[in-house]
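>>> I would like the atomic coordinates for the input below:
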Amino acid sequence: MARSVADQFVQTLVAAGVKRVFGIVGDSLNGITDAIRRDGKIEWIHVRHEEVAAFAAGAEAHLTGNLAVCAGSCGPGNLHLINGLFECHRSRVPVLGIAAHIPSAEIGSGYFQETHPQTLFKECSHYCELISSANQMPRTLEIAIREAVGNRGVSVVVIPGDVALQTASEAPVPDSAGLLPAQPIVTPAREDLERLATLLNGDGRVTLMCGSGCQGAHQELLAVAERLQAPMVHALRGKEHVEWENPYDVGMTGLIGFSSGYYAMRDCDILLMLGTDFPYRQFYPDEPGVRIAQIDLRAGQIGKRANVNLGIVGDVRATLQALLPLLENKTDGAHLEQAQRHYKKARKELDELAVGSKGRRPIHPQQVTKAISDRAAPNAIFTADVGLPTVWAARYLAMNGKRRLIASAFHGSMANAMSQAIGAQATFRDRQVISLSGDGGFTMLMGDFLSLVQLELPVKVVVFNNGALGFIELEQKSTGFLDFGTDFKNPNFAAMAEAVGIKGIRLENPGDVEDGIAQALAHPGPVLVDAVVARTELAMPPSITVEMAKGFSLYMVKAVMSGRLDEIIDLAKTNLWR
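Below is the predicted model of the structure:
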């Protein structure tokens, strides 16, 4: 039997080190899925929604750094991939999307299920091409793989089902060393390093702002912070790489950060940004005379968020290694000590919010998250839904250099946590994977909860069940709007889990939280923890603006005038009378 284009396609994926493909089968994909079946070297992960497939592939790529793959059939099938692929692309993880297409002879005729995926996916990919013939396929697929891996993002190949079944052209299977070139290590020129050292060695209090580009540079960060007596602030995506065993870390900044991180970054003379694309300009220092230097591997990122006095293109770890011999020891530690004291106070106040009282309701979500952190495995993988679960993850999950945290930090999509947990658990079957899911995010793609049984994935899904789109409700209130359209009438999620063959644990009393979480984490199979938590828990930002204070006061006035005084009383009970 002659080798088909689909066979050749799968052999190229194997050469690229692909271990699994997440997706849903369909007639236009049959050639490729059958080639996967016959080859036997790649696992087909059958999910129930293509959006989940893309999120799951992104989680695999995030955790391994290697190419991950998702697939969708023609028209509606691959359309479902787009939100997850946007997440992958904005998070800069290498993912290949396979978008099957209608028969090639029908393209442009308005055929059943016809779309134009080669146009649709351009905005969320580095490379997106239609394969229209057998002799085009090998080079197109190889370029797509190199673009995804080399540029750390998404590539999409669009392939009609009939083209996948054609006889393959005579082309050798690519060598993996040529298909997957190693990432370069970029070190700035000597004169750029000297300019940066001159800035940092001068008078002035230095604060470091660290993002995901600091992965692998933990020791170098500590050495620079010690040399400069500089507090270290991290963005959400820097948390897993920065905060552990780090006496210089003073917390996160941003809308969900710590007050200590906010002030350490705002109250400095020199801000050194390291591998971060932290987007919120209002959190950067704006006092006259503050100087900002930025190190990033991508020149286009420099100066995007704040006015930069010195931009350095380079790998964070390599750049800091080259910079360290040029840095002088600073002796004035007042700025660092002040930030450390502030962090200690902020950390103590946050931890006090995570203490539950037996027999007293409601459960505070902080208590649930801290209990998870205290009992999770040393190498646990956490995923967090956008909104309040990300707030609690950022503030209460303790990193240690082995644990990992995945969220939708840039794209901000709902329903990411359980989907990413599926990808994480499929990739690491023996590691503990915990999804911190909001009730909104969980129910949005709840169909794939059944995939945990079908795929035998022992994911622990913790649902923060507050009966609302909590973060959106808080946003509405803080800007003076009455909350609207945020209610959920939820079932007993634990009972629902039991009905589909998954262990369910329902937490309604603070006194049951510790034992319930311990029981869930000890169970060998999948678990759903239905944590009924306070709806009116305030996730206060590190700095309250006058506009926010006015907005919240205005909400209270509107609530009283609308006859919703019970909401004000509940808000006070939850947050003020603790």
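
>>> distance-wise, check residue 423 relative to residue 378.
21 Å (Cβ to Cβ, to the nearest Å). Any C-beta I mention is one placed from the backbone N, CA and C, and that applies to glycine too.

>>> oh sorry, the question was meant for residue 109
57 Å.

>>> what residues does stretch 105-123 touch?
Residues from elsewhere that reach stretch 105-123, judged by Cβ atoms under 8 Å, 6 or more residues apart in numbering: 74-76, 78-79, 81-82, 85-86, 97, 99, 101-103, 128-130, 154, 156, 158, 160, 162.

>>> please pick the buried ones from these.
Neighbour-count burial (16 or more other Cβ atoms under 10 Å) applied to the contacts of stretch 105-123 gives 74-75, 78-79, 81-82, 85-86, 97, 99, 101-103, 128-130, 154, 156, 158, 160, 162.

>>> and those residues, which of them are in strands?
97, 99, 101, 128-130, 154, 156, 158, 160 (DSSP state E).

>>> would you check which pair of those lies furthest apart?
The span of these, defined through Cβ to Cβ, is set by 154 and 160 at 20.5 Å.

>>> ranges for the helices of the stretch 351-500 of the chain?
For the stretch 351-500 of the chain, the helices defined by DSSP state H, counting those that start in this stretch cover 365-375, 388-396, 416-427, 439-444, 451-454, 470-478, 493-499.

>>> checking residue 238 next. Helix, strand or coil?
The three-state label given to residue 238 by DSSP: H, G, I helix; E, B strand; the rest coil is helix.

>>> give the contact list for it.
210-212, 214, 275-276 are the contacts of residue 238 under Cβ under 8 Å, 6+ apart.

>>> please repeat the previous calculation with a cut-off of 6 Å.
210-212, 214 (Cβ atoms under 6 Å, 6 or more residues apart in numbering).

>>> I'd like the residues you listed as CSV, with distance to residue 220 appended.
Shown next, in CSV, are the contacts of residue 238 (distance: Cβ to Cβ, whole Å):
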residue, distance to residue 220
210, 11
211, 15
212, 15
214, 9
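
>>> among those, which two are most distant?
210 and 212, at 8.8 Å, using Cβ to Cβ across the contacts of residue 238.

>>> those two: which is more packed in?
With neighbours defined as other Cβ atoms under 10 Å, residue 210 and residue 212 compare such that residue 210 has more, 30 against 23.

>>> ok so, going back, now, among the contacts of residue 238, which is nearest to residue 281?
Looking across the contacts of residue 238 and measuring by Cβ to Cβ, the closest to residue 281 is residue 211, at 15.1 Å.

>>> for the residue nearest to residue 60 when sequence neighbours are not counted, give the beta-bridge partners.
Here the nearest residue to residue 60 in space, its sequence neighbours aside, is residue 68; by Cβ to Cβ, 6 or more residues apart in numbering that works out to 4.0 Å. Using DSSP bridges, the bridge partners assigned to residue 68 are residue 95.

>>> and residue 68, what's its pLDDT?
Per-residue confidence (pLDDT) for residue 68: 98.

>>> relative to residue 23, how far out is it?
12 Å.

>>> of the two, which one has the most company?
Using other Cβ under 10 Å as the criterion, residue 68 and residue 23 rank with residue 23 on top: 32 against 28.

>>> OK, contacts around that one?
Contacts of residue 23 (Cβ under 6 Å, 6+ apart): 53, 70-71.
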